[in-house]
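J.: structure, please.
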Amino acid sequence: MNESAFAPHSTCDSDAINSSKAAKLAQNPPNKNELTRDGQSRENRLITMSVLSRFVAFTNRHPVVRGMISYATIWPTSCIIQQTIMGKNFDNYDWMQALRFSLYGGLFTAPTLYAWVRLSTIIWPKTNLKTAMTKAVVEQMSYGPAAMACFFFGMSLMEGKSVQEAKHQVELKFWPSYKVAICFWPVLQTINFCFVPEKNRVPYVSVCSMVWCCFLAYMHQLQIKKQTEVSILNEQLL
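T.: Have a look, this model is predicted:
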């Protein structure tokens, strides 16, 4: 049978379906508010995606920003973790201490670490195991001790201590912390310099520093606790 014989029926069926849809739309027209909300929602999603894509592109062009964001987030987190381990909770967390960790990590540690990573890459451009171990050893003899001393000194100043008190804090805490650091950082930094792309090296260190920062916070808080106990004892003796 000729297929064209069915064409008029198919056309009639299609016309009937279209007429039915038109009748339904006429009976239930789209709500203008709903159309407006849908349009705004799509527009907001597009704007959000555009902002995020531009931000990612910006951090790819400027890796130091990525490191600063990582440190400004991870260091206060590690501070809260350390306080939790010591028995504190949401009601009595030292939020100002967490803020100090965030500011110091984001505005000082991340930029200086990025500068060291860039400098070490220029001096030792290869990415083999021997070069990575060399960078890690040199770091523990140069940047590492300086960064640690700056941490104890800077955090003490941010707490309102005098310069002499800050120097005393460095004298008390530097060597015990450094002895742990030379066992902790060389292995992690060897992995960093050998396997991690340069643009991600500062964020990688920031993640590793969560554990390290918990230790530094513990050392810092331990000294404050000792000073408090000594002050209470002196008051009782007097």
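J.: which residues are in contact with stretch 116-130?
T.: Applying CB atoms under 8 Å, 6 or more residues apart in numbering, the contact partners of stretch 116-130 are 131, 134-135, 138-139, 143, 190, 193-195, 198, 201-202. The way it works is simple: take the backbone N, C-alpha and C, and place the C-beta from them, glycine included.
J.: flag every buried residue along it.
T.: Applying a neighbour-count criterion of 16 or more other CB atoms under 10 Å, one finds 116-117, 120-121, 124 buried in stretch 116-130.
J.: residues near the residue lying closest to residue 75 once chain neighbours are set aside, how many?
T.: Nearest non-adjacent residue to residue 75, counting by CB to CB, 6 or more residues apart in numbering: residue 105, 3.4 Å away. A count of nearby residues for residue 105, using other CB atoms under 10 Å, gives 26.
J.: please give the element, helix or strand, for the residue most central in space within the chain.
T.: Nearest residue to the geometric centre of the chain (CA atoms, centre = their mean): residue 70, 2.1 Å. Using DSSP states H and E, residue 70 falls within helix 63-85.
J.: buried ones in that helix, by neighbour count?
T.: Quick answer for helix 63-85 (16+ other CB under 10 Å): 63-72, 74-76, 78-80, 82-83.
J.: check stretch 143-163 too.
T.: Neighbour-count burial for stretch 143-163 [16+ other CB under 10 Å]: 143-145, 147-149, 151-156, 158.
J.: got JSON lines for those, with secondary structure and pLDDT too?
T.: As requested, the buried residues of stretch 143-163 are exported to JSON lines (DSSP: H, G, I helix; E, B strand; the rest coil; pLDDT from 0 to 100):
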{"residue": "143", "secondary structure": "helix", "pLDDT": "93"}
{"residue": "144", "secondary structure": "helix", "pLDDT": "92"}
{"residue": "145", "secondary structure": "helix", "pLDDT": "93"}
{"residue": "147", "secondary structure": "helix", "pLDDT": "93"}
{"residue": "148", "secondary structure": "helix", "pLDDT": "91"}
{"residue": "149", "secondary structure": "helix", "pLDDT": "94"}
{"residue": "151", "secondary structure": "helix", "pLDDT": "92"}
{"residue": "152", "secondary structure": "helix", "pLDDT": "91"}
{"residue": "153", "secondary structure": "helix", "pLDDT": "95"}
{"residue": "154", "secondary structure": "helix", "pLDDT": "94"}
{"residue": "155", "secondary structure": "helix", "pLDDT": "92"}
{"residue": "156", "secondary structure": "helix", "pLDDT": "93"}
{"residue": "158", "secondary structure": "helix", "pLDDT": "94"}
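J.: picking that back up, wait, the residue nearest to the centre of the chain touches residue 202, no?
T.: Yes: using CB atoms under 8 Å, residue 70 is in contact with residue 202, at 6.9 Å.
J.: okay, and the common contacts of these two?
T.: Contacts common to residue 70 and residue 202, judged by CB under 8 Å, 6+ apart, are residue 110.
J.: what angle do the host helix or strand of residue 43 and helix 63-85 make?
T.: Taking DSSP H and E as the definition, residue 43 sits inside helix 32-61. Following axes from the mean of the first three to the mean of the last three CA atoms, to 10 degrees, one obtains 100 degrees for the angle between helix 32-61 and helix 63-85.
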